[in-house]
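Visitor: here is my input; please provide its structure:
(chains A and B)
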Amino acid sequence: MRSRDGNHSFTLRLCTIIILSSLALNAGEYLISYKYIVKNDVLFNESLDISKSMKKCRGIPAQTLILPANEQNNFVKLISHHRQEFIDYIHQLGLDIRSKDTTTNNQINSTTIITLKTTCFKVDFNDNFVKISHLKQP
Amino acid sequence: MKYSLILISLLYMTACAAQEKKAVPEVPVNKAETIAVPNNTTINVTYKDEKKSKMCPAKTQHPMTKQKKDVLSIHEPLIISVVGQGVAPVNTTSPAQAYALAKRAATADAYRLIAEKVKGVSVDGQDLIKNMMVKRSTVRTSVQAMVRNANIVETTFKDGLCEVEMEITLSHSDFAQ
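Guide: Numbers count the residues shown, from 1 in each chain, chains lettered A, B, ... in the order given. Predicted coordinates for the structure are as follows:
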C-alpha cells in the first residue's frame, strides 16, 4: 500500500535540483588583477582589472568575502560600490611587493609596486548577498 | 700540648691567607710586547690576557646572544610591527580623497618595511670619481617579497601625513618545508 507521503523523496530531489541549478546559473568565475604604484610616498597609479573568465578555473575556494547584493547582479558595479572592502579582502590574500630606492648624491627616489597577479574568483549571486571566493591553486 | 695545637692551627690559617693573596690576579690586563723586524721598523703587538677570559666567562659571551629574542622559534610566534608613512597628492578634490590616497601610500610603505624586515634588502652602491673628486655617488636598494596576512592595527592622519601601523605574525610553520 502506498503511503500518504510516498512522493516525498521525489519532491525533495526535484527541489534540490532546481535550487542547485538556479544557484549554478547565477554563479560565475572572474579573473581579477590589482596593482598600485607609490612613488616618493605618494600614490602614483592604481588599477583594478576585472574580467569574466572565458574558461573554467581550477582551484579550491579558500577565503570568502560576503557583500550585500545589488539588483542587477552585476559584479563590476558591485565591486565599484564596495571597493574599499574588496581591496581590504585582496590585501589579505597576499600581494607581491617590489620596491626600488635610488639615492643619488644624497637625494632619494623610491618606487614601490604592489601587485595581485591575475587570480580567479568564484562569485555566487544569491537573493540578498554575494559570496566571493578566492580559488586557490591545488 | 694544647698550646702547640693552637699554634699549629694559627700558623696554618695565616699560611692559607697568604696563599689566597697570591692567587688574586694583578691589575694589568693586556701585555704589550715589542717585536724587532730586520728592516728597522718596530711593530707593537698587544696580546689579550688569557687569565681575564678564564676568570669571567660571562663577559666573553658572543654578541649575537643578545639578539635571540628576534629569532623565530618553533614554540613562539614572532610579531613584526612597522609604521608606514604616506602623503596625499597635491591635486586632490576633497579631504576624503586625500585621506584615501595617503592611506594607500602608507599601506604600501608598511608592506615594504615588512618585506625588508622579513626577507632583507639587497644593496648596490656605485661611486664615480673624476680628477680625485666624487662626481656621483649612487646607492640602490631593492626588495622583492610576497606578504600575506598582514593586518593594519592603527591609522592616523595628521597635517597631510598618514601613518599606518601594520603587524604580521610569523610562525615556524609558515617557513617549514
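
Visitor: tell me who's in contact with the residue of chain A at minimum distance from chain B.
Guide: Per Cβ to the nearest Cβ, A:Gly94 is where chain A lies closest to chain B, at 3.3 Å. Yep, even glycine has a C-beta here, placed from its N, CA and C like the rest. Contact analysis of A:Gly94 by Cβ atoms under 8 Å, 6 or more residues apart in numbering or on different chains lists A:116, B:146-149.

Visitor: hmm, try it at 10 Å
Guide: Applying Cβ atoms under 10 Å, 6 or more residues apart in numbering or on different chains to A:Gly94 gives the contacts A:63, A:116-117, A:119, A:134, B:146-150.

Visitor: can you give me the strands for chain A?
Guide: Taking DSSP state E, the strands of chain A run over residues A:27-39, A:42-52, A:60-68, A:95-104, A:107-125, A:129-136.

Visitor: tabulate those strands (JSON lines), appending mean pLDDT and distance to B:Ala100.
Guide: Formatted as JSON lines, the strands of chain A follow (pLDDT from 0 to 100; distance: least, Cβ to Cβ, whole Å):
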{"stretch": "strand A:27-39", "mean pLDDT": "92", "distance to B:Ala100": "12"}
{"stretch": "strand A:42-52", "mean pLDDT": "93", "distance to B:Ala100": "9"}
{"stretch": "strand A:60-68", "mean pLDDT": "89", "distance to B:Ala100": "19"}
{"stretch": "strand A:95-104", "mean pLDDT": "95", "distance to B:Ala100": "18"}
{"stretch": "strand A:107-125", "mean pLDDT": "93", "distance to B:Ala100": "15"}
{"stretch": "strand A:129-136", "mean pLDDT": "90", "distance to B:Ala100": "22"}
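
Visitor: burial count for A:Ile114?
Guide: The local packing of A:Ile114 (other Cβ atoms under 10 Å in any protein chain shown) involves 22 other residues.

Visitor: gap between it and A:Tyr36?
Guide: 5 Å (Cβ to Cβ, to the nearest Å).

Visitor: common neighbours of those two, please.
Guide: Common neighbours of A:Ile114 and A:Tyr36, counting by Cβ under 10 Å, 6+ apart, are A:46, A:95, B:104, B:107-108.

Visitor: quick one: the strands of chain A as a markdown table, columns for distance to B:Val164 too.
Guide: As requested, the strands of chain A are exported to a markdown table (distance: least, Cβ to Cβ, whole Å):
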| stretch | distance to B:Val164 |
| --- | --- |
| strand A:27-39 | 12 |
| strand A:42-52 | 13 |
| strand A:60-68 | 21 |
| strand A:95-104 | 14 |
| strand A:107-125 | 13 |
| strand A:129-136 | 23 |
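
Visitor: out of those, nearest to A:Arg83?
Guide: Nearest to A:Arg83 among the strands of chain A is strand A:42-52 (7.6 Å), distances taken as Cβ to Cβ.

Visitor: burial count for B:Ile80?
Guide: Applying other Cβ under 10 Å, we find 16 residues neighbouring B:Ile80.

Visitor: what's the pLDDT at it?
Guide: If you check B:Ile80, the pLDDT there is 92.

Visitor: same question for the one 10 residues further on.
Guide: According to the predicted model, the pLDDT of B:Val90 comes to 88.

Visitor: how about stretch B:84-91 and chain A, touching?
Guide: Yes. Using Cβ under 10 Å from any Cβ of the partner chain, stretch B:84-91 reaches chain A at B:84-90.

Visitor: dump those into TSV; add secondary structure and neighbour count as well.
Guide: Below are the residues of stretch B:84-91 next to chain A laid out as TSV (DSSP: H, G, I helix; E, B strand; the rest coil; neighbours: other Cβ atoms under 10 Å in any protein chain shown):
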residue	secondary structure	neighbour count
B:Gly84	strand	25
B:Gln85	strand	15
B:Gly86	strand	24
B:Val87	strand	20
B:Ala88	coil	23
B:Pro89	coil	13
B:Val90	coil	8
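
Visitor: the closest residue to chain A within chain B - how many residues pack around it?
Guide: At 3.3 Å from chain A, B:Arg148 is the closest residue in chain B, using Cβ to the nearest Cβ. The number of residues packed near B:Arg148 is 11, by other Cβ under 10 Å.
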